[in-house]
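Student: sequence first, predicted coordinates after that:
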Amino acid sequence: MDLLSTIKGSLLENFFPKGWDLEKIDRCCSNPPDAITERQAWWHKDFKPVPCETLEEFNMKMGHEIAVEICEAKERGQKLILILPVGPMGMYKWVVYFLKEWGVDCKHIYGFNMDEWSDKDGNTLPPTAPGAFQNAMENAFYGPLGDFTVPENQRFFATKELLPKYPEKIGELREEGARMVLVFGIGRVFHIAFWEPHFAEEFSSVDEWKRQEYRLGAKLHPLTIEQNAITSFKSRTTLVPCFANTIGPGIFLKADKIIGGADGALGRGMMWQGMSLWVTLRYGPDIWVPSSFMPTLPGKLFFLKELAGPLIPECN
């Protein structure tokens, strides 16, 4: 007896995005842990999942990967566009550490935050609010860099005013030869940024879906709200906004390289991201599973080895 055999007539019958193949999702999660890095036919030849034994190893390796990109762009005299997430966050302290140790500044960096909480009209939290992604980025990355930091006029946050300008600004930088690196986490519902799976219903083709560059006041799935209540709002569901501004696949699928991270383990064997990781790697590209496109791009996906499972019951 499980969800698949009991869903009919339950409150969950129409709860999940209608394009999800729940049986396929379950099959993705049924593989043995050691099989998680086995290459799949649709993976980019330069895509690589990287298991990490501990959270500190994860934070350090992911931070090192970002710092190397910043350093190498500096050495080439090239501008670097970084599309940045708030979650995961632990890698930023290591980016700061490596850059300061190496004496590499970020004057050539253009930082674009991928999303921000909002109301239905795209109005965002005050930038200094504790839950605001802008506040998180200033405290975790831009501030600690000190004299090495990204110039303020090269920091872009997903506000109602700035997000619609992302495509034009990124396009200008690309014409100037800038490289673009996407740093990302994976949502409980397999979103990238806050590009949710149920948006797929609005588009008649994969190509149309791929052209979408951003959305203001995006309607979030209840599982996204609950994920963030647990990971960012100390379990207080009532504090989590129901909408967000977000970049879309028209931006995040155009990166020259991706640096992803999955660190969603909660301790004592509990986790929220094991299914998200397996489905990202094994489902195959599908617009109802936005993260499933990430292995088609060159780069690395760092993950806590614990998330590989086995994903079987363990009562807590």
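Tutor: Happy to help now that I have it.
Student: hey, let's count contacts and neighbours off CA atoms from now on
Tutor: Will do.
Student: tell me where the stretch 1-150 of the chain has strands.
Tutor: Under the criterion DSSP state E, counting those that start in this stretch, strands of the stretch 1-150 of the chain are mapped to 47-52, 80-84, 109-113, 115-118.
Student: turn the ones you listed into a markdown table, including distance to Arg27, mean pLDDT and mean neighbour count.
Tutor: Compiled in a markdown table, those are given as follows (distance: least, CA to CA, whole Å; pLDDT from 0 to 100; neighbours: other CA atoms under 10 Å):
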| stretch | distance to Arg27 | mean pLDDT | mean neighbour count |
| --- | --- | --- | --- |
| strand 47-52 | 19 | 98 | 19 |
| strand 80-84 | 31 | 98 | 24 |
| strand 109-113 | 34 | 98 | 23 |
| strand 115-118 | 31 | 98 | 27 |
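Student: any chance of those strands in TSV, plus distance to Phe199?
Tutor: TSV is the format used below for the strands of the stretch 1-150 of the chain (distance: least, CA to CA, whole Å):
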stretch	distance to Phe199
strand 47-52	26
strand 80-84	21
strand 109-113	20
strand 115-118	16
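Student: quick check: which ranges of this protein have low pLDDT?
Tutor: Across the chain, nothing is flagged by pLDDT under 70.
Student: scan it for its longest helix.
Tutor: helix 55-76 (DSSP state H).
Student: report the distance from that one to the chain centre.
Tutor: Computed by CA atoms, centre = their mean, to the nearest Å, the separation of helix 55-76 from the middle of its chain amounts to 17 Å.
Student: stretch 271-288 now?
Tutor: On CA atoms, centre = their mean, the centre of stretch 271-288 falls 12 Å from that of its chain.
Student: do stretch 107-123 as well
Tutor: Mean C-alpha position of stretch 107-123 versus that of the full chain (CA atoms, centre = their mean) differs by 13 Å.
Student: ranges for the helices of the protein?
Tutor: Using DSSP H, the helices of the chain run over residues 3-6, 22-28, 55-76, 91-102, 133-137, 166-175, 206-210, 222-231, 249-252, 274-282.
Student: which secondary structure elements does the longest helix of the chain sit against?
Tutor: If contacts are counted by 3 or more CA pairs under 8 Å, 6 or more residues apart in numbering; DSSP states H and E, helix 55-76 sits against helix 91-102, strand 257-262, strand 299-304.
Student: tell me which of the strands of the stretch 1-150 of the chain lies nearest to Met294.
Tutor: Ranking the strands of the stretch 1-150 of the chain by distance to Met294, with CA to CA as the measure, places strand 47-52 first at 8.7 Å.
Student: tell me the angle of that closest one relative to helix 274-282?
Tutor: Per axes from the mean of the first three to the mean of the last three CA atoms, to 10 degrees, the angle that strand 47-52 makes with helix 274-282 is 150 degrees.
Student: ok, residues contacting stretch 154-165?
Tutor: Under the contact criterion CA atoms under 8 Å, 6 or more residues apart in numbering, stretch 154-165 has outside partners 109-116, 122-124, 134, 214, 216, 245-247.
Student: check stretch 132-144 too.
Tutor: Stretch 132-144 is contacted from outside by 86, 89, 92-93, 96, 113, 115-117, 125-130, 149-150, 157, using CA under 8 Å, 6+ apart.
Student: filter the residues you listed down to the buried ones, ChimeraX style.
Tutor: In ChimeraX, the members of those classed as buried (16 or more other CA atoms under 10 Å) are selected with the following command:
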select :86,89,92,93,96,113,115,116,117,125,127,149,150,157
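Student: so what's Pro249 up against?
Tutor: 195, 209-214.
Student: are any of those buried, and which?
Tutor: Neighbour counting over the contacts of Pro249 (16+ other CA under 10 Å) leaves 195, 209-210, 212-214 as the buried ones.
Student: just checking, Lys18 touches His198?
Tutor: Yes. Using CA atoms under 8 Å, Lys18 is in contact with His198, at 7.4 Å.
Student: which of the two has more neighbours?
Tutor: Neighbours per residue, other CA atoms under 10 Å: of Lys18 and His198, the larger number sits with His198, 21 against 14.
Student: follow-up on the earlier one: which one of the helices of the chain lies closest to Pro310?
Tutor: It is, among the helices of the chain and with distance given as CA to CA, helix 274-282, at 9.1 Å.
Student: between strand 299-304 and the closest one, find me the angle.
Tutor: Counting by the same axes, to 10 degrees, helix 274-282 points 150 degrees away from the direction of strand 299-304.
Student: give me the helices and strands touching helix 274-282, please.
Tutor: helix 22-28.
Student: what comes into contact with the helix it packs on?
Tutor: By CA under 8 Å, 6+ apart, the residues outside helix 22-28 that reach it are 4, 275, 278-279, 282-283.
Student: so how do I select the buried members of those residues in PyMOL?
Tutor: Buried members of those can be picked out in PyMOL with the line below, counting by 16+ other CA under 10 Å:
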select buried, resi 275+278+279+282+283
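Student: perfect, that will be all.
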